[in-house]
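# Need a 3D model of the sequence below.
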Amino acid sequence: MKNIVRAMVLGGVLLASAFLANAQSPPFNQCPPSSGNTSCKVLIVVGAGGAVTVLVDAAQPYFGGEDVYVGVLNNSGGPLSNLPLSGPTTPDPLFGFDQDGTLNSGTRGYCPTSGTGLTGYEGPGVTFTNVSTNCASGTVNFSPAIANGGTSYFQLEGSPTASTLVVGAPNSGGGASSGGVGGALQCVANAGVPPTVRAEGLTELVGDLILNCTGGVPTSVNGVVPQANVTVFLNLNITSRITSNPFTEALLILDEPHSPTNPTVPLQVCDPSNVNAGVCTVFGSPTGNGIGTYNPLLGGNGANGLRPNVFQGRLTGANQVTFFGVPFDAPGTNTTRIVRITNLRANANQSGASSTLIPTTITAFISITSSTSVALNNPQQTVAFIQPGLVSSVRSALSFIQCVSANSDIATNPANGLNTTG
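Numbers count the residues shown, from 1 in each chain. All right, here's what the predicted structure looks like:
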């Protein structure tokens, strides 16, 4: 009996393996026959953790010589709600629809950023959004989300290959299950080693606040990065220098530019001329995977100029400073987003030194408000310890008789002590 059960299990494993192999080997039957194609020309396979594989069936044509039939297989372990895609701008950009799609009766042409209705390229439950002005990138949305093990299909312009079709970080619908795509965006705050500051000081520099952020879904290529307001509260008055009211010297820096971690990435201040009230628009990274969103050297930020990574805080209360409109791109599973808040100063004299053996502390509380949910762990941090400064006193001076040598023997014998004659 055990041998029969073992054989059944082994047979099931072999059948499952064969099914998965067939699902990812031509022909890709995730697409029904249409316009000269008997199956998908291109298959995008989304695996565990958001890993993406692009497969091409050489036996299937680019229909009309310029369009491509694309299938999607979701093996991520969770639901899949969209895929950011990008490709070459020539000879035909992916989303440059020219009214010859065959999947529905829609005839809306060229980029779907203008007009309404279907284009003819959408499969069942598929829509296109976030299309760039050059039509080379956009987001393919699935409604309902593709279940784990499920499939979908659509058409695109151009003749992309496995090397030229760039797939950004996939997005799970409503949060992926364990092992699925993406994961909740969350940040963990820490303050490193808090410095000791003087109890007499009015503008004491406290320690930096650092947020390490992971998860979420990175903004697609040419998609606008959502903005967040970050506020820091101290338990004492903030006395950071006012550079241009209400802006202060307090800075929020993203991804550690110009540091030992990223020595070649320059610092780039957001809106240095204060044309837009210190707020900048940033597009998703050139690869759509969250890497390089704040690297000024990568470009791809359109008319918005270089990608900023330094943002100036405004004094919004006696004990609080706020960084308004910070473009916050979720790092996804490909990287870790580091947020550093520095140049915070406090009036330590307001609290004074402790009368016990336990020093008085300066504490900070961080608040983040955004259109996207950001879970913040350990929002309250100790950023400094207050101790008395240097204490000195003046003692009475010795009386000396004018014109009478004192300790003259020291000149001849340095070993002699003071106030001696020997």
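# any weak-confidence spans in this protein?
The chain contains residues with pLDDT under 70 at 1-23, 106-117, 169, 171-183, 397-398, 400, 406-411, 416-422.
# Can you show me the helices along it?
Taking DSSP state H as the criterion, the chain carries its helices at 2-23, 409-412.
# Run a quick neighbour tally on Gly138.
When neighbours are counted by other C-beta atoms under 10 Å, Gly138 registers 26. Just so you know, the C-beta spots here come from the backbone N, C-alpha and C atoms, and that holds for glycine as well.
# should've said Thr161
Thr161 has 13 nearby residues by other C-beta under 10 Å.
# how about it, what does it touch?
For Thr161, the contact set (C-beta atoms under 8 Å, 6 or more residues apart in numbering) comprises Val56.
# Mind doing that once more with 10 Å?
Contacts for Thr161 (C-beta atoms under 10 Å, 6 or more residues apart in numbering) come out as 42, 54, 56, 68, 87-88.
# Then Val46?
Counting by C-beta under 10 Å, 6+ apart, Val46 touches 52-53, 72-78, 80, 83, 146, 148, 167, 170, 172, 180-181.
# which of the residues you listed count as buried?
52, 72-78, 80, 83, 146, 148, 167, 170, 172, 180-181 (16 or more other C-beta atoms under 10 Å).
# Which ones among the residues you listed lie within strands?
52, 72-74, 80, 83, 146, 167 (DSSP state E).
# What count of nearby residues applies to the nearest residue in space to Thr333 that is not next to it in sequence?
Once flanking residues are discounted, Thr333 sits nearest to Gly50: 5.2 Å by C-beta to C-beta, 6 or more residues apart in numbering. As a burial measure, Gly50 scores 27 neighbours (other C-beta under 10 Å).
# Next one: Gly50 from Ala191, what distance?
Gly50 sits 31 Å away from Ala191 when distances are taken as C-beta to C-beta, to the nearest Å.
# ok, now Leu315?
For Leu315 relative to Ala191 (C-beta to C-beta), the value is 21 Å.
# now swap in Phe63 and tell me
Phe63 sits 59 Å away from Ala191, going by C-beta to C-beta.
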